[in-house]
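**Q** Sequence and predicted model, in that order:
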Amino acid sequence: MSDAMLKTAMTASVIRSLVICTLVCLLLPLFSHWIQQGRTRQARTLRQLCCVLPFFTPDLVTGFQYRLTASAWAGLSGGLSYIVLTELLYGTLQFFRAAALGLLLYRILPPASVTTESIHSWRLLRTRTPKVRWYREWLRLQLAGPWRTTLLIWSLTAVVVFQEFETAALMQIDQHPWSWAVGLFDAHAAWQPLSQSLRMAAAALLLEMLLLIPGLLAVACSLTSSAAPAEPSPIRLTGSRIQCGAAWALVGLSLGLLILIPVYSSAPAALRGIQNLLSDSTAVRRTASSLATSICCAAAASICALGIASRLSPDLRGRQRVLAVISSCLLLPGLAGPLILSLGLQTLFQLPLLRPAWDTLLPQLLGQILWLLPRAFAAAQLLWTEERSESLHAASLLLQAADSQQRRTATGLIWRLQDLPLAAALLVLTHWAFWDVTTASLLHPVTFEPIVTRLYNEMHFARTEALLGLTALSISTPIVSLPLAGTIAFVFRLLRRQ
């Protein structure tokens, strides 16, 4: 990949990220208000689930679904019109994913450490304070207060869109280099020297750091603020029928493009593919072995990442700034993205001391753990809140009761408050690790081919029933295996508490 093509791809990727993350921040109040309009708690939960569900759909499946669409546009129009149409489709898909991520971040992020009363009090001191100091402190209060959540959402969504690879790789027809990740991955897969790949990755990492600067400034100001945390206040927006209708249309379009259309167009052929696959005993053994190994690696990485993240959460919520900074640094490799992270680990495992471990599962596991850490930390923020910790402590005390009925009640409470949310978090993290094409492709050992790399390689060719059936089995494997394991663990726990 030449330097000119790399600059073109990076410029296009940055512009796309800036446009999408800005639109997300502008439309986030619309989605939030639509969620709040639900009359019951169940209705609000369902609306929120509909908004965030696109973020959990595999990028590989989305790119595979719309690859033929991009190919058809290339054959019919070509030239500038094809570039515009493909860019609009790809940008729309990424916008809905970024909007889902923005709503998740708004739900996860803790309240600001500066209240509106603090800002108002500082405004009253404007005539009594030197101008430079007043404006500097006012900016710090804004970054730690009203602007903090928006800046964090802006930075993180921009970085995620900038890093996206799978959908772009499958939709690209090699005529328009609008994704730096695709160009770098293809060049590295074509035996480009590792040193040159690292040089290109360094340029992308610099751009990612620039995109993260607004969010990092907001975090730094929050850490230096001594004010008490403010109560969380939902985003308010004056409701109207037009705004409500727009929200319904956007959510419906999001679910349709990313979930309903792929399922509707692929389900019949996928079912026939599964039937044909099950009739071949050799293919069943090969597929089962690959699926089992892939799900075990993904589950192991998820357990390790969530365990580490649960240790980081108290440090980042506490007042020990040194520990908070160290813990935050552990999250940075995952924020760099799977491509840059994998290239860095490749370089690390080429050192003489670590070279014997290169052709093992260790590089892939380490890469997936580091990539999952920011996501696992977000899940830990939802799981280990103060209210839930107090309830769990009370339930654990109830386990020591003499009455067996009270102990069973305590076991049920612990299951609902801890075990069930923990199983859900592990399911989501395993799902993400299972579908991580980049890390698996660059770091897997020679003796093992993850199922996701096999799918990625075959998706560049024909859309066959066998491929759709294998894709359907791959999607269902994480969904079925972890709940089954959680149910078995719950049954054993009940038997122990009798």
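**A** Noted; the coordinates are in hand.
**Q** Could you use CA atoms for every contact and neighbour count after this?
**A** OK.
**Q** okay, now G245: neighbour count?
**A** Using other C-alpha atoms under 10 Å, G245 has 12 neighbouring residues.
**Q** so which helix or strand takes in L271?
**A** Using DSSP states H and E, L271 maps to helix 261-278.
**Q** what's the average pLDDT for the helix or strand following that helix?
**A** Scanning forward in sequence from helix 261-278 by DSSP H and E, the next helix or strand is helix 281-317. On average, the pLDDT along helix 281-317 is 82.
**Q** what's the answer for stretch 57-72, then?
**A** Rounded mean pLDDT across stretch 57-72 is 84.
**Q** Just give the nearest non-adjacent residue to L152, would you?
**A** G215 (4.3 Å; C-alpha to C-alpha, 6 or more residues apart in numbering).
**Q** Helix or strand: which one has that neighbour?
**A** With DSSP H and E as the criterion, G215 is inside helix 194-224.
**Q** Is the residue nearest to L152 in contact with A144, as I believe?
**A** No. Using C-alpha atoms under 8 Å, G215 is not in contact with A144, being 10.3 Å away.
**Q** quick one, which of those two is more surrounded?
**A** The neighbour comparison of G215 against A144 (other C-alpha under 10 Å) goes to A144, with 26 against 22.
**Q** which residues sit in contact with the nearest residue to the more buried one once chain neighbours are set aside?
**A** Excluding its sequence neighbours, the residue lying closest to A144 (C-alpha to C-alpha, 6+ apart) is S222, at 4.6 Å. Counting by C-alpha atoms under 8 Å, 6 or more residues apart in numbering, S222 touches 112-113, 143-145.
**Q** Give the buried subset of those as a ChimeraX selection command.
**A** To isolate the buried ones among the contacts of S222 in ChimeraX, judged by 16 or more other C-alpha atoms under 10 Å, type:
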select :112,113,143,144,145
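**Q** where does the stretch 1-150 of the chain have low pLDDT?
**A** Scanning the stretch 1-150 of the chain for pLDDT under 70 picks out 1-2, 74-79, 113, 115.
**Q** And for the stretch 301-450 of the chain?
**A** Short version for the stretch 301-450 of the chain, where the test is pLDDT under 70: 313-326, 384-393, 395, 397-404, 406-407, 415.
**Q** let's go with 90 and repeat that
**A** The stretch 301-450 of the chain contains residues with pLDDT under 90 at 303, 306-337, 350-360, 377-428, 431, 445-449.
**Q** that older thread, which of the contacts of S222 lies at the shortest distance from S179?
**A** Distance to S179 across these (C-alpha to C-alpha) is lowest for L143, with 31.6 Å.
**Q** hang on, the earlier thing: and the next element down the chain from the helix holding G215?
**A** For helix 194-224, the following helix or strand on the C-terminal side (DSSP H and E) is helix 241-255.
**Q** Figure out how far the helix or strand hosting L184 is from the centre of its chain.
**A** Per DSSP H and E: L184 is located in helix 180-189. Here helix 180-189 shows a centroid-to-chain-centroid distance of 21 Å under the convention C-alpha atoms, centre = their mean, to the nearest Å.
**Q** now swap in stretch 11-25 and tell me
**A** 17 Å.
**Q** now the helix holding G215 against helix 281-317, angle please.
**A** Following axes from the mean of the first three to the mean of the last three C-alpha atoms, to 10 degrees, one obtains 40 degrees for the angle between helix 194-224 and helix 281-317.
**Q** what's the angle between helix 194-224 and helix 180-189?
**A** Using the same axes, to 10 degrees, helix 194-224 lies at 140 degrees relative to helix 180-189.
**Q** How about Q350: what's its closest non-neighbour residue?
**A** According to C-alpha to C-alpha, 6+ apart, the nearest residue to Q350 is W358 (7.5 Å).
**Q** any idea how far that neighbour lies from G63?
**A** Per C-alpha to C-alpha, to the nearest Å, W358 is found 30 Å from G63.
**Q** which of the two has more neighbours?
**A** G63 (26 against 20).
**Q** re the thing from before, flag every buried residue along the helix holding L184.
**A** Residues of helix 180-189 classed as buried: 180-185, 187-188 (neighbour count, 16+ other C-alpha under 10 Å).
**Q** do stretch 20-40 as well
**A** In stretch 20-40, counting by 16+ other C-alpha under 10 Å, buried: 20-22, 24-25, 28-36.
**Q** neighbouring contacts of that stretch?
**A** 44-45, 47-48, 51, 91, 94-95, 98-99, 102-103, 150, 153-155, 157-158, 161, 234-237, 239, 243-244, 247.
**Q** domains of this structure?
**A** As assigned by automatic domain parsing, the chain contains the domains 1-230+237-265, 280-498.
**Q** if we compare the ones you listed, which one ends up closest to R272?
**A** Of all the domains of the chain, domain 280-498 comes closest under C-alpha to C-alpha, at 6.5 Å.
**Q** Secondary structure element holding the residue lying closest to L217 once chain neighbours are set aside?
**A** Counting by C-alpha to C-alpha, 6+ apart, L217 lies nearest to L143, which is 7.2 Å off, once chain neighbours are set aside. Here L143 sits within helix 131-144, counting by DSSP H and E.
**Q** right, and the helix or strand after that helix?
**A** Following helix 131-144 in sequence order, the next helix or strand is helix 148-163 (DSSP H and E).
**Q** Show me what the next helix or strand after that next one packs onto, helices and strands only.
**A** Using DSSP H and E, the helix or strand that follows helix 148-163 in sequence is helix 166-171. Applying 3 or more C-alpha pairs under 8 Å, 6 or more residues apart in numbering; DSSP states H and E, we find helix 166-171 packed against helix 59-76.
**Q** mind saving the C-alpha coords of the helix it packs on as CSV?
**A** Extracted C-alpha coordinates of helix 59-76, given in CSV (Å, rounded to 0.1, in the frame of the first residue of the first chain):
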residue,chain,number,x,y,z
ASP,A,59,-19.9,-6.7,11.6
LEU,A,60,-19.0,-9.7,9.4
VAL,A,61,-22.6,-10.6,8.9
THR,A,62,-23.6,-7.1,8.0
GLY,A,63,-20.8,-6.7,5.5
PHE,A,64,-21.6,-10.1,4.0
GLN,A,65,-25.2,-9.1,3.5
TYR,A,66,-24.5,-5.8,1.7
ARG,A,67,-21.5,-7.0,-0.3
LEU,A,68,-23.7,-8.0,-3.2
THR,A,69,-25.4,-4.6,-3.0
ALA,A,70,-22.1,-2.8,-3.4
SER,A,71,-21.1,-5.1,-6.2
ALA,A,72,-24.4,-4.5,-8.0
TRP,A,73,-23.9,-0.7,-7.8
ALA,A,74,-20.4,-1.0,-9.1
GLY,A,75,-21.6,-2.9,-12.1
LEU,A,76,-24.6,-0.7,-12.9
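**Q** now the helix or strand following that helix: how far from the chain's centre is it?
**A** Later in the chain than helix 59-76, the nearest helix or strand by DSSP H and E is helix 79-108. Relative to its parent chain, helix 79-108 has a centroid offset of 14 Å by C-alpha atoms, centre = their mean.
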